[in-house]
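In: sharing a model that was predicted from the sequence below.
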Amino acid sequence: AKLLEQVTSYAASADVKMQSQLRVATNIANGIMHAFKEFRATEVVIGMHMHFSDSTTFWGKFHQSLFNGLSRQIIMARLMQPLSTLRRIVVCVPSRAQFEPGFYRWLERLCRLGSNLECHTEFFGREDVLPLIENYVLSRHHDMRVSYTKMAHWAEMPNLAASISPDNLFVVVTARKGTVSYKNALEFLPDEITRHFSGTNIMIIFPDQHGD
């Protein structure tokens, strides 16, 4: 209850309307999913735990059951500093991401974030997906500071670690098992993030499977 009061205060100071809710559920994931359906929500934004000793898995005690049980967009974030202090957003896009129903939903969210923060956004991906992103940005967010870099294979992602500074946000678009952009390499994502991006501002996006 105290945490909700604190978050409500933050929202009010930013002139953002927020409706808080306190409920009892058998576990946290079930509670979130029931509330999600009750309010007809379109996506979930949730924090990642920062103390890995508190959990035996990278995803935490209930995150995995949440993104396995909910097919809408889920954004997991670990922010080490206020969003307003970020100066660069680096986005890794997997192959075939453009065929996911929620492709333009997460793209729109990131474009709004980059535009509102007025920071440079750099998309890394294969040559077939980058033109689609560029066309969308030009038509919807033409004043956005953006660049595009070819990343031929997902194995190149850890190489970006050296270029990520403390005031950067590293975004990884991942996929659930069985979806069109899922690849076996994503199984190693927790290990790669722990090894190469520890202490980094990070956001992990599970795309919507319904579309707009």
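Out: Now that the structure is in, tell me what you want to look at.
In: just the C-alphas of whichever helix or strand Arg109 is part of, formatted as PDB.
Out: Using DSSP states H and E, Arg109 falls within helix 103-117. The C-alpha coordinates for helix 103-117 follow below in PDB (Å, rounded to 0.1, in the frame of the first residue of the first chain):
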ATOM      1  CA  PHE A 103       5.600  -5.300 -34.500                       C
ATOM      2  CA  TYR A 104       4.300  -1.800 -34.900                       C
ATOM      3  CA  ARG A 105       3.000  -1.600 -31.300                       C
ATOM      4  CA  TRP A 106       6.500  -1.900 -29.700                       C
ATOM      5  CA  LEU A 107       8.000   0.200 -32.400                       C
ATOM      6  CA  GLU A 108       5.600   3.000 -31.700                       C
ATOM      7  CA  ARG A 109       6.300   2.800 -28.000                       C
ATOM      8  CA  LEU A 110      10.100   3.100 -28.600                       C
ATOM      9  CA  CYS A 111       9.600   6.000 -31.100                       C
ATOM     10  CA  ARG A 112       7.500   7.900 -28.500                       C
ATOM     11  CA  LEU A 113      10.100   7.300 -25.900                       C
ATOM     12  CA  GLY A 114      13.000   8.500 -28.100                       C
ATOM     13  CA  SER A 115      11.000  11.500 -29.200                       C
ATOM     14  CA  ASN A 116       9.900  12.500 -25.700                       C
ATOM     15  CA  LEU A 117      13.400  12.100 -24.300                       C
END
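In: these two touch, right, Lys183 and Trp154?
Out: Yes - with contact defined as Cβ atoms under 8 Å, Lys183 reaches Trp154; the gap is 6.5 Å. C-betas here are computed from N, CA, C, even on glycine.
In: so between the two, which is more surrounded?
Out: Taking other Cβ atoms under 10 Å, Lys183 and Trp154 do not tie; Trp154 has more neighbours (20 against 12).
In: what is in contact with Lys183 and Trp154 at once?
Out: Common neighbours of Lys183 and Trp154, counting by Cβ atoms under 8 Å, 6 or more residues apart in numbering, are Pro94, Ser95.
In: just to revisit the earlier point, which elements pack onto the helix holding Arg109?
Out: The contact analysis (3 or more Cβ pairs under 8 Å, 6 or more residues apart in numbering; DSSP states H and E) places helix 103-117 against strand 73-78, strand 88-92, strand 120-125, helix 130-140.
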